[in-house]
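*Asks:* structural data only, the sequence is not supplied:
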């Protein structure tokens, strides 16, 4: 997901994702569903207008259903994606579509033992830096790590790493803030 907000499996989106995972597993279509829903999420992320339309309560349900059905068919995203949209529309929760897809991806990663590390840096990381970070995370006990990279020029340097609920902030911006607070305390 494009957002830097951690995804929770406890809210409504998480419950839909868990039900979706159980359904796909029970029907024996889990690998295809995982692939199709990842493509669906990427498609929504690549089309900001589509994401805004999903979140808008001003668009009639029939119009949303028709547009999403066309997209699902054109992209060959399968019956499960079509049913998911139908359930969300019936329950007036279409705005949850992208969060459900994000929670589903988190659930799949969790089931596969993959840990997602959100890394925010001031500049794009090189391949060597990413491999070094991955090696260090493996040393710390995070076996199978998927690194999500984000760029925030306001950090000035260093990085901010989030793994689950843990946050490691070694950015130059936060170091300068800590120094500023320490100097205020000494004055």
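*Replies:* Perfect, thanks for sending it. Predicted, not measured: the structure shown is a model, and the values here were computed from it. Residues are numbered from 1 along each chain as shown.

*Asks:* where does pLDDT dip in this protein?
*Replies:* 1-8, 186-187 (pLDDT under 70).

*Asks:* show me where it has strands.
*Replies:* 114-121, 144-151, 159-163, 166-169 (DSSP state E).

*Asks:* so can I have JSON lines of those showing distance to residue 17 and mean neighbour count?
*Replies:* Backbone N, C-alpha and C define where each C-beta goes, glycine included. Below are those laid out as JSON lines (distance: least, CB to CB, whole Å; neighbours: other CB atoms under 10 Å):
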{"stretch": "strand 114-121", "distance to residue 17": "15", "mean neighbour count": "18"}
{"stretch": "strand 144-151", "distance to residue 17": "17", "mean neighbour count": "14"}
{"stretch": "strand 159-163", "distance to residue 17": "20", "mean neighbour count": "19"}
{"stretch": "strand 166-169", "distance to residue 17": "22", "mean neighbour count": "12"}
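
*Asks:* so for residue 183, which of those strands sits nearest?
*Replies:* Residue 183 lies closest to strand 166-169 among these, at 19.1 Å (CB to CB).

*Asks:* partner strands of the closest one, parallel or antiparallel?
*Replies:* Using DSSP bridges, strand 166-169 pairs in its sheet with strand 159-163 (antiparallel).

*Asks:* next, the angle strand 114-121 makes with the partner strand.
*Replies:* In terms of direction (axes from the mean of the first three to the mean of the last three CA atoms, to 10 degrees), strand 159-163 departs from strand 114-121 by 160 degrees.

*Asks:* for strand 159-163, what is the distance to the chain centroid?
*Replies:* Relative to the chain's own centre, strand 159-163 is displaced by 15 Å; criterion: CA atoms, centre = their mean, to the nearest Å.

*Asks:* before we move on, back to that, for the strands of the chain, which one sits closest to residue 43?
*Replies:* Counting by CB to CB, and looking across all of these, nearest comes strand 144-151 at 18.3 Å.

*Asks:* other SSEs contacting that closest one?
*Replies:* Packing partners of strand 144-151 (3 or more CB pairs under 8 Å, 6 or more residues apart in numbering; DSSP states H and E): strand 114-121, helix 127-139.

*Asks:* direction included, what does it pair against?
*Replies:* By DSSP bridges, strand 144-151 pairs with strand 114-121 (parallel).

*Asks:* need the contact partners of the partner strand.
*Replies:* Among residues not part of strand 114-121, those counted as contacts by CB atoms under 8 Å, 6 or more residues apart in numbering are 4, 6, 106, 109, 125, 133, 137, 142-152, 155, 158-164, 171.
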